[in-house]
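Engineer: Here's my sequence, what's the structure:
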Amino acid sequence: MKDPAETSPSATHLAADDARRRVETAFAAAPGEASACVVVPTSGSTGEPRRVQVSGTALRASGTATAARLGGHGSWLLALPTTHVAGLQVVARSVLAGTAPVVLDLAPTFRGAAFAAAADQVDGTRRYTSLVPTQVHRLIAEARGGDSAGLDALASFDAVLLGGAATPAPVLAELRAAGVRVVTTYGMSETAGGCVYDGRPLDGVNVRTVDGRVQISGPVLADGYVDDPEATAAAFVTDLPATPAAAPATGAGPRALSGAGSGPARWFRTSDLGELAPDGTLTVLGRADDVIISGGVNVAPAAVEAVLVGLPEVGEVCVVGLPDPEWGEVVVAVVTPALGGTDVSQDTLLAEARSHVTDILGAPAAPRHVVVTDALALRGPGKVDRRAVALLAARCLGRPTSTSDR
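Structural biologist: You can find the predicted model right below:
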């Protein structure tokens, strides 16, 4: 007799089935009906997670625009939790395509062998999957260690959507060198998931920056936050779209792209800093509340992370600021060792990190401390938990995490 665990559906499969029922109900309901939406949590980047009401109309608009951008509907491998919008969107895109996603059991730790086995089950003329950076880091690390099954499977997909957090340029380069057709995505629960692909908004989506912060408009916007009208009013605003114009030298003021029309538009005000190139490409610079002010100079953690991940000894990296009586805040890099990398002392790694960052970004951005850990704390669908990382750094360095801790 088989062990019941071998035949009973996993929690991941049950969650995927439930997500499909919720999506199909939202698609079938008339606009305005209570069942015409799904509720998904935010990742908690700005504090406690909020519950976001996303209409079936927004899910459909996102899924349809994604298919148009990728070259058509296809079959999907679901490798993300459906409790978050990225996983839910894989289910929604599958419903629109008239297919059922292959579900990767998320109960075990993510490993290349299991991913490759699941990928083998995805058929169809077009095959897609969606991952977060932590997962591709794992596949790359395994390939460097001699087991390339997961990375080879990743390269078999027609497109791999990669979002949830910024992916460093060296990692993207390594993926593309391995033949992976990666598409970077930017979005959040409030925009029904990714709505900017490789820096370009999906069809119908408008993007602008106001005082350096990214704002998004279009049919993919959520209705708002459940039972929180004040937060909804603060985050979603209606005004006239800005006229496309050259970006102000200071970065202040609005700038719009991608089909901004002449009527009133509803915009979601993100907490992210960004820049728009003359050709309309969006570059996200990181969260506004992540900026470190050290010695009176603003330091963007994402920029420092992008430099440090290029060091051969470094796997993943999270840069945080800790209070300092002299500098206000000091830049601290928390890193994981690269699999198969050269073993170096923490002092040697700090010296190398400071030199490398100084050469590229300048001395104020150079980390004054490096903390090495086995893994970075995560939250939500695989995003690095910066608060937990900062607490770890503070404990390791014997420093406060805020001025009130002194």
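
Engineer: L96: what's it in contact with?
Structural biologist: By Cβ atoms under 8 Å, 6 or more residues apart in numbering, L96 lies in contact with R60, G63, T64, A67, H73. Quick note: C-beta positions are derived from backbone N, CA and C, even for glycine.

Engineer: how about the strands in the stretch 251-400 of the chain?
Structural biologist: 255-257, 265-276, 282-287, 292-294, 297-299, 314-324, 328-337, 369-372, 378-379, 383-384 (DSSP state E, counting those that start in this stretch).

Engineer: For the second one, name the packing helices and strands.
Structural biologist: Meaning strand 265-276. If contacts are counted by 3 or more Cβ pairs under 8 Å, 6 or more residues apart in numbering; DSSP states H and E, strand 265-276 sits against strand 206-210, strand 213-217, helix 229-235, strand 236-239, strand 282-287.

Engineer: circling back: okay, the strands of the stretch 251-400 of the chain in JSON lines with mean neighbour count, mean pLDDT and distance to V357 next?
Structural biologist: Listed next are these as JSON lines, based on neighbours: other Cβ atoms under 10 Å; pLDDT from 0 to 100; distance: least, Cβ to Cβ, whole Å:
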{"stretch": "strand 255-257", "mean neighbour count": "22", "mean pLDDT": "47", "distance to V357": "29"}
{"stretch": "strand 265-276", "mean neighbour count": "20", "mean pLDDT": "94", "distance to V357": "19"}
{"stretch": "strand 282-287", "mean neighbour count": "18", "mean pLDDT": "90", "distance to V357": "15"}
{"stretch": "strand 292-294", "mean neighbour count": "19", "mean pLDDT": "92", "distance to V357": "12"}
{"stretch": "strand 297-299", "mean neighbour count": "16", "mean pLDDT": "91", "distance to V357": "10"}
{"stretch": "strand 314-324", "mean neighbour count": "23", "mean pLDDT": "92", "distance to V357": "9"}
{"stretch": "strand 328-337", "mean neighbour count": "22", "mean pLDDT": "93", "distance to V357": "8"}
{"stretch": "strand 369-372", "mean neighbour count": "20", "mean pLDDT": "94", "distance to V357": "11"}
{"stretch": "strand 378-379", "mean neighbour count": "15", "mean pLDDT": "80", "distance to V357": "24"}
{"stretch": "strand 383-384", "mean neighbour count": "22", "mean pLDDT": "81", "distance to V357": "19"}
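
Engineer: Dump those to TSV, plus distance to A166.
Structural biologist: What follows is these, written out as TSV (distance: least, Cβ to Cβ, whole Å):
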stretch	distance to A166
strand 255-257	20
strand 265-276	10
strand 282-287	7
strand 292-294	16
strand 297-299	16
strand 314-324	11
strand 328-337	15
strand 369-372	20
strand 378-379	14
strand 383-384	10
